[in-house]
Each structure stands twice: as C-alpha cells, then as structure tokens.
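Enquirer: test case, fold it:
(one chain, ligands or ions: 2)
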Amino acid sequence: MLQLGVIADDFTGASDIASFLTENGLRTVQMNGIPARALPDGVDAVVISLKSRSIAAQEAIAQSLSALQWLQAAGCQQFFFKYCSTFDSTAAGNIGPVTDALLDALGEDFTVISPALPVNGRTIFNGYLFVGQVLLNESGMQDHPITPMRDASLPRLMDAQARGKTGLVAYPDMAQGAAHVRDCFARLRADGYRYAVADSVDNAQLAVLAEACRDLRLVTGGSGLGAYLAALLSGSKKGDNAFVPKKGATVVLSGSCSVMTNKQVATYKAVAPHRFVEAQACIERGADYAAELAAWVVSHLDDKHAPLLYATVPPDELKAIQQRFGMEKSSHAIEQVFAAVAEKLRAQGVVNFICAGGETSSIVVQRLGVDGFHIGKQIAPGVPWLRVLNGEVYLALKSGNFGTEDFFAYAQGMFA
Ligand SMILES: Nc1ncnc2c1ncn2[C@@H]1O[C@H](COP(=O)(O)OP(=O)(O)O)[C@@H](O)[C@H]1O
Ligand SMILES: O=C(O)[C@@H](O)C(=O)COP(=O)(O)O
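Expert: Ligands and ions are numbered 1, 2, ... in the order given. Next up, the predicted model:
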C-alpha cells in the first residue's frame, strides 16, 4: 500500500527527499511528472517531481493538484509538499499558493511549514531559517539567480504569499514532545492560524514534529521532516537500496550559481576538462551552440575525469549578465542549452549524468524523457545516485548548496 505521496517542486528536491525516505525504510520511487505508467511492485512511497518552483502560480497549482489527484487515485493517504530547505520562494513565490490549493483540495485547514534539514545546516529558531551559522538572507541565497531570499523569517515569507495566517511553535514548545506540539497545533488552529512553522534546531525536534504530524493529511517542508516521517511509517527500518553506476561515458553539467557549486566547479576545474557556457551564445545561437558544446564533451569522454560544462558564476558576474540580458531570458536560454546538450549526449552514448542545480536538473531530466528513477547510494546527504526505471542510465541531481567541495570527482569515484 502506498503510505506517502510526495509532490516536489523541483527534481533535485525530489531526489533529496526520495533518498531520505529510502534510507529510512520506505521503498521509494521518484517519478518525473505525473506518472503515465504503472509503478514498480512493492512501492511504499512515491515522489512526483515537478518543475514548479519558479513558474506562474496558477500553473504550479494546476500541476500540483494533478499530482495530488494521481496520488489519491493510487490510494495514498498522507501527502507531503516538498520544497527547498532554503525556502526558495519570494513574495511572488509558489509555496503559499500551492499549499493553499492542496489544503483546499483535501478539505483540510491546517498544515506545518518545516524546511529544516539539520544534517545540511538548515535549522529554524524563533521562526527564522538559518543556513549554517547565518540567517538565510546572509547565506548567499540573497543572490540566487531566480529566487533571491532577502528575508529569513518563515512566518513573514509565508504570510506574504499565502492566504491564511502563519503561527509558530517555538523551541520551548517543541522540546516538550509530540503530545504538547499537537496541543499547540490545536490552539493555533482555534486562533485562526492555517500554517505552523515549527522550530527545529536539531533532529530531535524533527522526530517530535513527525510524531505530531502523524494525523495531518498534508505536511509541507524539506527532506528532514521526510526522513522522520518515513522512520515512523516504516517502523524505523533501514533501506537497502545502495546501487552505484557502472563506469561509462559521463558528463558533468552545472547550471547552479550557489556558493557551494561555485566552490565545487572551481575544485573540479583544476583536474578535469571544462568549458564555460556563455549566456550570450545560449540566447543568440541556442541549438547550434548546444551542438558545439555536445561535440566538445564527446571529444573529452575518454579523459580521466568527465568533462564539465558550467554556467556557474559568482554573484557579481551573474548580476552583470542579468543586467545585460534580463534574468528570465538568460536563465531560460541557459537551461534550454543544458537540456539540448544532455539530449544529444544521451543519443551519443553518455550513460552517467551529474547535474548541479535544481532548475537545471529538472529541465535536463524532462528533456531526457526519463519517466522515473530507482534510488541508489547517497553521494552526499540529499544527493543519491538515481537509475532510470528501465535501463542502465544513471543520474546525480545535486541541489545547489549540497555536497562537499570535491563532489564531482567524489561522485565518479563511486563508480563500480
Ligand atoms: N551564468 C549565468 N547567467 C545567468 N543565469 C544563470 C547563469 N548560470 C546559471 N543561471 C541560471 O540560474 C538558475 C540556477 O538555478 P538552479 O539550477 O535551480 O540552481 P540552484 O540549485 O543553485 O538553485 C538556472 O535557471 C540557470 O539557468
Ligand atoms: O531541500 C533542499 O535544499 C533541496 O532538496 C532542494 O530543494 C534544492 O533545490 P536547489 O537548490 O534549487 O537545487
């Protein structure tokens, strides 16, 4: 029986939560878009990957509701709206509108907001989201190309984009355990609050929160809460899915401009063949440029380290590019080129794809036309190896800020 249905607003986020569900004993598949095929046998949880984080709210709502309907038809009882552990969503963002639409469709009037992921340094205290030791808006996320995060207050971020009021279950209440947190939910609900941000400074509060959320039909947040819900649902089993890719033609595609991806690209450039993906060429020469980049990759497939294509730039360069060409135009053109390159490379026998960036990974997977993934061994917390449902193609979809500096080489070091 399907125990948990997850609707993820991007594909890296989907693989992140799928990995934590798998690790915590739920047999999980990641489906790319609304599934058009039967699920593999013996699945406990499904993660539906959407690319809905940065599209128009009405479209994000429509896609999320279709995913919900599919999950309901598949017999799912509890639903999880997965968004980023850095709450990537500005005042014009989709987390509030999609949460409202899912609550309405389920006939519910209350849910939790829990992006915390302590293993990767995302914690919540007094409703403020921290990344490592600094507030979200000082973490580098204030310079994100599409969803610059300039505030760290989750209640304020949520209130700016959702219909209802956001309350807080603060640390002293979280520390009193699940029964008390359920009482806090009841009080907030009676006072007209529709969402509760739950402080989580470490995993102990996520365990409490998962227990307190047991009967909520909709929960929302990051993979930290996902892990603890999975542990409850599986009876604390441990997952045994630990495959890694075989050695084979591999490419690294990096379209993230996060602080960590900038470091990872710099580290990898020191050892691997690399080529910069120019925004101007993407805009002006789209398909031609993609063919040129793909040919360059093919010419380096036999090198010791897989060739790297990267659009990754630090904040000052990004600003200059966006001022010159516009944010939407440049990011869209770059995404399209990555997608076209990936498609060409797959046709030319590339079997292992390492992608950095949520939007980038989402468009690449969509263009590869892959319907879903089995979840393999973790390369870093929240970044598993994925194997396509029917075949021997492997992908790693790295969230912008996840992984250590040697991520790209480390991932290849895992090949069997
Ligand atoms: N050099 C660049 N100039 C402009 N936009 C860029 C550049 N490099 C990447 N981008 C865009 O920035 C966005 C990065 O988002 P994403 O792939 O989700 O990364 P992250 O996981 O760090 O959020 C993509 O839309 C990408 O096309
Ligand atoms: O929760 C997270 O941080 C990730 O799962 C996620 O959603 C990452 O998104 P990107 O940073 O845009 O890859």
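
Enquirer: would you mind putting the CA coordinates of the host helix or strand of residue 364 into PDB?
Expert: Per DSSP states H and E, residue 364 falls inside helix 358-368. Taking Å, rounded to 0.1, in the frame of the first residue of the first chain, the C-alpha atoms of helix 358-368 are listed here in PDB:
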ATOM      1  CA  GLY A 358      17.500  22.300  -9.300                       C
ATOM      2  CA  GLU A 359      16.100  24.100 -12.400                       C
ATOM      3  CA  THR A 360      19.000  22.800 -14.400                       C
ATOM      4  CA  SER A 361      18.500  19.200 -13.300                       C
ATOM      5  CA  SER A 362      14.700  19.400 -13.800                       C
ATOM      6  CA  ILE A 363      15.000  20.600 -17.400                       C
ATOM      7  CA  VAL A 364      17.700  18.000 -18.200                       C
ATOM      8  CA  VAL A 365      15.600  15.100 -16.800                       C
ATOM      9  CA  GLN A 366      12.500  16.400 -18.600                       C
ATOM     10  CA  ARG A 367      14.300  16.600 -21.900                       C
ATOM     11  CA  LEU A 368      15.900  13.100 -21.500                       C
END
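
Enquirer: can you pull the buried residues of whichever helix or strand comes after that helix?
Expert: Where DSSP H and E defines the elements, the next helix or strand beyond helix 358-368 is strand 372-380. Within strand 372-380, the residues scored as buried using 16 or more other CB atoms under 10 Å are 372, 373, 374, 375, 376, 378, 379, 380. (C-beta placed from N, C-alpha, C; glycine too.)

Enquirer: same deal with stretch 99-118?
Expert: By 16+ other CB under 10 Å, the buried positions in stretch 99-118 come out as 99-103, 105, 110-118.

Enquirer: ok, which pair from those residues is furthest apart?
Expert: Pairwise distances across those (CB to CB) peak at 31.0 Å, for the pair 105 and 118.

Enquirer: narrow the buried residues of stretch 99-118 to those in strands?
Expert: Counting by DSSP state E, the part of the buried residues of stretch 99-118 found in strands is 111, 112, 113, 114.

Enquirer: give the contact list for whatever residue of the stretch 151-300 of the chain ends up closest to ligand 2.
Expert: Per CB to the nearest ligand atom, residue 222 is where the stretch 151-300 of the chain lies closest to ligand 2, at 4.3 Å. Neighbour list for residue 222: 13, 16, 17, 82, 83, 84, 85, 114, 115, 116, 117, 122 [criterion: CB atoms under 8 Å, 6 or more residues apart in numbering].

Enquirer: confirm that the first one sits in a strand.
Expert: What it means is residue 13. No: membership of residue 13 in a strand is not supported by DSSP: H, G, I helix; E, B strand; the rest coil, which gives helix.
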